[in-house]
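Student: Next input, structure requested:
(2 chains)
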Amino acid sequence: MGRKAKYNDENRPKKGKGRKDKRQKDPDTVFQIDPKNIQDDEDETKKLSHRQKQRAARRRKKKEEWKEKRKMIKDKKKIKKNEPPMEETEIINNEDVSDDDSDFDSLPDDNYIDNEKTESAEEDLDQTNENMEQDNNEQDMRLNIASQDIFIFPSDDDINNVTSIPEIEARVKDVLLVLSNFKKFREPERSRQEYIALLRKDLCTYFSYNEFLMERIMNIFPLDELMNFLEASETQRPVTIRTNSLKVRRRDLAQALISRGVNVDPVGKWSNVGLVVYSSPVPAASSLLPVIALAPKENERILDLCAAPGGKASHIAALMKNTGVLFANDANKSRVNGIVGNFHRLGITNSIITCYDGRIYSQIMKGFDRVLVDAPCTGTGIISKDPSVKTSKDKVDVQKCFTLQRELLLTAIDCLNTRSSSGGYLVYSTCSILPEENEAVVNYALRKRDVKLVPTGLDFGTEGFVKYRQYRFHPSLNLTRRFYPHTHNMDGFFVAKLKKFSDIIPTSVSQTQEGNAEMMDSN
Amino acid sequence: MKQISEERTKIFFEKLSKYIGSNTKLLIDRPDGMYCFREMNNRVYYAHEYLLKQASNVHPDKLISVGVCFGKFTKSGKFRLHITALHYISPYAQYKIWVKSNAEQQVLYGHNILKSGLARITESTPQYQGVVIYSMSDVPLGFGVTAKCTAECKHADPLTVICFNQSDIGEYIRCEDELL
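Tutor: Now for the predicted structure:
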């Protein structure tokens, strides 16, 4: 019967050495630094060869000469004030000619000579060289300052005239520089708003975003992180594959792939089924996260409300080891076929695949131990996969998305079983980075149902926003996790884990706070 | 989701026994609970009793799949085994064929197995017998029907067809949308 669920796992005696025994041992030869050896080395260096000794003696001699010379100069400086300068300088010159190195300490003396205007040819050269360097440095400095100061806020015509891409790039850099130290570099009659607007316009042209989305992204990130995010969104994330633990172990899979010339590596300590594919012509690392946060257990009743194409749902089934029941639902009939194919291919036998509108699911079935809502979103976290997001999404799209997400999340909470012994948990995830689709939606659910946020169990990722511009979310929203392409090298993602405490729907509270509740809608 | 009619049950089990013989009853009497075959839209599904009970809440129009699909009844009343049943058929298969690694690709593209691609075959396999096709590393690749018996295979020339391809795991990719 293929790979069966192991019902009597504890009773089975262990056979053989176990697979950890196969692991390569630590190297036998340990390269340690012996303190004795070090001392020997030092002793050896002390033994000088004949020539080295000679050279050392010469060096010593030269040093002494130097000291004498300096003394003389100092003495003469004192005398200089009283006597005419000509003779002394000549002496100095003679001495200076004798050694070629112009020492740092002698610099003030040179200046002194310069004042006297009695330079020998060599000194003249040295002097001019030094002057040249100084001049160059000064010029560089001036240029730097100039390039900073040169940024004059372009006139309206200049802004509207489509300039070349390198010009825009340069302008973006200039504006970023100005904004980094606004007080110093600004033009007094221009406000920060104007600079920001110019930056937004240029970034839109440079990265080809629409103004709406760029504005939202600029609101989320500080300026230095903004550029990192935008650039990270242009490049593809590494392809990650998940080991189907129902059929194969990760080690075996990696071996099979490597023998076929695919270069793979484990994705990280946080997952024991993910493999990163390096050099090969499939789901992303981020789609492992919500399932890890959900932490499904065996013999539970679990619902994946928006399951297509079945990547996360099959991961859940694998963690349940084909026990219990997994309901995989998706509203789109054609996408449901994908779930069917994937589930059968992966050997998942405990699934019921349905095709309901997720928003009415609580009317059909309730009492799930765990629910995963991977809500449909604008996809602003996966711009590198689908660049059309950059131009196609506007305010109405975001509004449609978060309305749907709120409905889905409330339905999912209604589907949860409060009295479940092991569960009562819900994971909400999106592949968007907009707070409207993430924190605001969870915040809405916190007010509308008796649920609380709990730690996701993911120890990396940045905390969710508690404050975002003028909005103040529930303080527990810092338990949610955000993932960015530029910081975590995976798709932009959001994960929140909720626990349901009762079936009570706090209607009265919600009505009194209705004004606050619709803060995002009004935006 | 309904019980399979008596007539269809007979057709279905006849087909199954072509591949796994008397092991069919092992599919039903399992140590981990009651498993049943049920029919929906002419498709036969195999699932745990508990799973079927859970699925009874779902409206038939909205129910896409429960457990594992074994195959479907054609319009002419015959039963056709789907590749999705391979997971359950392969451990009990009575007659097996192993293909060489260079012929593996051909099987996965839906081609028949020629003598040149044949690595091993179960002793005394009769002609027109349902077999499970394996790769050399014992990964089940699909179902087939032998075109020649074992004895004939030995003397056949390299281009003769040994086994007709009925279904292979390449279908998961080739016809993902119409899998069921």
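
Student: Retrieve the pLDDT associated with residue 96.
Tutor: In the absence of a named chain, this looks at chain A. Reported pLDDT at A:D96 in the predicted model: 43.

Student: my bad, chain B
Tutor: pLDDT, B:K96: 93.

Student: quick one: contacts for it?
Tutor: B:R120, B:I121, B:T122, B:V131, B:V132, B:I133, B:Y134 (C-beta atoms under 8 Å, 6 or more residues apart in numbering or on different chains). Glycine gets a C-beta too; all of them are placed from N, C-alpha and C.

Student: Pick out whichever of those sits closest to chain A.
Tutor: Among the contacts of B:K96, B:V132 lies closest to chain A (C-beta to the nearest C-beta), at 12.3 Å.

Student: Provide the backbone phi and psi angles at that closest one.
Tutor: phi -100, psi 130 (degrees, to the nearest 10).

Student: Narrow the contacts of B:K96 to just the buried residues.
Tutor: B:I121, B:T122, B:V131, B:V132, B:I133, B:Y134 (16 or more other C-beta atoms under 10 Å in any protein chain shown).

Student: Now do the strand or helix carrying A:L446: distance to the chain's middle.
Tutor: Assigned by DSSP states H and E, A:L446 falls within helix A:439-448. Put simply, helix A:439-448 sits 26 Å off its chain's centre (C-alpha atoms, centre = their mean, to the nearest Å).

Student: Stretch A:156-168 too?
Tutor: 31 Å.

Student: Counting by contacts, list what the helix holding A:L446 packs against.
Tutor: helix A:395-415, strand A:425-430, strand A:451-454, strand A:493-500, helix A:507-512 (3 or more C-beta pairs under 8 Å, 6 or more residues apart in numbering or on different chains; DSSP states H and E).

Student: so A:N417 touches A:Y425, yeah?
Tutor: No - counting by C-beta atoms under 8 Å, A:N417 stays clear of A:Y425, with 10.4 Å between them.

Student: so what's in contact with these two at the same time?
Tutor: Here A:N417 and A:Y425 have A:D369 as joint contacts, going by C-beta under 8 Å, 6+ apart.

Student: So which of these two has more stuff around it?
Tutor: Shown here are A:N417 and A:Y425; by other C-beta atoms under 10 Å in any protein chain shown, A:Y425 has more neighbours (23 against 18).

Student: wait, that one sits on A:V454?
Tutor: Yes - applying C-beta under 8 Å, one finds A:Y425 in contact with A:V454, separated by 7.3 Å.

Student: Next, B:R80: secondary structure please.
Tutor: For B:R80, the secondary-structure state derived from DSSP: H, G, I helix; E, B strand; the rest coil is strand.

Student: That one: neighbour count?
Tutor: By other C-beta under 10 Å, the burial measure for B:R80, its neighbour count, is 12.

Student: Nearest spatial neighbour of it, chain-adjacent residues omitted?
Tutor: Excluding the flanking residues, the one nearest B:R80 by C-beta to C-beta, 6 or more residues apart in numbering or on different chains is B:G71, at 5.3 Å.

Student: Provide the backbone phi and psi angles at that neighbour.
Tutor: When quoted as degrees, to the nearest 10, the phi and psi of B:G71 stand at phi 170, psi -170.

Student: who are the neighbours in contact with it?
Tutor: By C-beta under 8 Å, 6+ apart, the contact set of B:G71 is B:F12, B:K15, B:R43, B:V44, B:F79, B:R80, B:L81, B:H82, B:A85.

Student: same deal with B:Y35?
Tutor: B:L27, B:I28, B:Y46, B:A47, B:H48, B:E49.

Student: again, but for A:G310
Tutor: A:A328, A:G338, A:I339, A:N342, A:F343.

Student: Max pairwise distance over those residues: which two?
Tutor: With C-beta to C-beta as the measure, no two of the contacts of A:G310 lie farther apart than A:A328 and A:G338, at 10.7 Å.

Student: quick one: which of these two has more around it?
Tutor: Using other C-beta under 10 Å as the criterion, A:A328 and A:G338 rank with A:A328 on top: 31 against 19.

Student: what's around the closest residue to that one other than its chain neighbours, how many residues?
Tutor: Closest residue in space to A:A328, ignoring its immediate chain neighbours: A:A307 at 3.8 Å, by C-beta to C-beta, 6+ apart. Residue neighbour count, defined by other C-beta under 10 Å, stands at 29 for A:A307.

Student: And the next helix or strand past the longest helix seen in chain B?
Tutor: With secondary structure taken from DSSP state H, chain B has its longest helix at helix B:6-20. Remark: after helix B:6-20, the chain's next helix or strand is helix B:24-28, criterion DSSP H and E.

Student: for that following helix, packing partners?
Tutor: In this structure, helix B:24-28 packs against helix B:6-20, strand B:33-40, with contacts taken as 3+ C-beta pairs under 8 Å, 6+ apart.

Student: Pairing partners for the next helix or strand after it, with directions?
Tutor: Downstream of helix B:24-28, the next assigned helix or strand under DSSP H and E is strand B:29-30. Taking DSSP bridges as the criterion, strand B:29-30 sits next to strand B:33-40 (antiparallel) in its sheet.

Student: got the buried residues for the strand it pairs with?
Tutor: B:Y35, B:F37, B:R38, B:E39, B:M40.

Student: If you tally nearby residues, what's the number for A:E211?
Tutor: 13.

Student: Now it: closest residue in space, sequence neighbours ignored.
Tutor: A:E211 sits nearest to A:C204 (C-beta to C-beta, 6+ apart), 5.6 Å away.

Student: quick one on the thing from earlier: intersection of neighbour lists for A:Y425 and A:V454?
Tutor: A:K497, A:L498, A:K499.

Student: so which strand or helix has the residue in the stretch 351-500 of chain A that chain B sits nearest to?
Tutor: Nearest residue of the stretch 351-500 of chain A to chain B, counting by C-beta to the nearest C-beta: A:I353, 4.2 Å away. Secondary structure assigned from DSSP H and E places A:I353 in strand A:351-354.

Student: Outside of that strand itself, list whatever touches it.
Tutor: The contact list for strand A:351-354, computed with C-beta under 8 Å, 6+ apart, reads A:307, A:313, A:317, A:325-329, A:336, A:339-340, A:343, B:51, B:54-55, B:58, B:62-67.

Student: Can you name the next helix or strand after that strand?
Tutor: Trace forward from strand A:351-354 with DSSP H and E and the next one is helix A:361-364.

Student: so how far is that next one off the chain centroid?
Tutor: 39 Å.

Student: Give the other helices and strands that that helix contacts.
Tutor: helix A:395-415.

Student: tell me which residues in the helix it packs on are buried?
Tutor: A:398, A:401-402, A:404-415.

Student: List the contacts of the closest residue to A:G424 other than its chain neighbours.
Tutor: Once flanking residues are discounted, A:G424 sits nearest to A:K500: 5.0 Å by C-beta to C-beta, 6+ apart. Neighbouring residues of A:K500 by C-beta under 8 Å, 6+ apart: A:I413, A:L416, A:T418, A:G424, A:Y425, A:L426, A:R449, A:D450, A:V451.

Student: Low-confidence regions, chain A specifically.
Tutor: Counting by pLDDT under 70, chain A shows low-confidence ranges at A:1-10, A:19-46, A:78-150, A:160, A:162-163, A:260-261, A:278-284, A:508-523.

Student: all helices for chain B, in order.
Tutor: Ranges of helices in chain B, per DSSP H, are B:6-20, B:24-28, B:49-55, B:86-89, B:101-108, B:150-155, B:171-174.

Student: what residues does chain A put near chain B?
Tutor: Residues of chain A lying close to chain B (C-beta under 8 Å from any C-beta of the partner chain) are A:1-2, A:4-5, A:7, A:301, A:325, A:327, A:334, A:336-341, A:343-345, A:347, A:349-356, A:364-365.

Student: mind putting the buried ones among the contacts of B:K96 in a markdown table, pLDDT included?
Tutor: A markdown table is the format used below for the buried ones among the contacts of B:K96 (pLDDT from 0 to 100):
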| residue | pLDDT |
| --- | --- |
| B:I121 | 92 |
| B:T122 | 91 |
| B:V131 | 93 |
| B:V132 | 94 |
| B:I133 | 94 |
| B:Y134 | 94 |
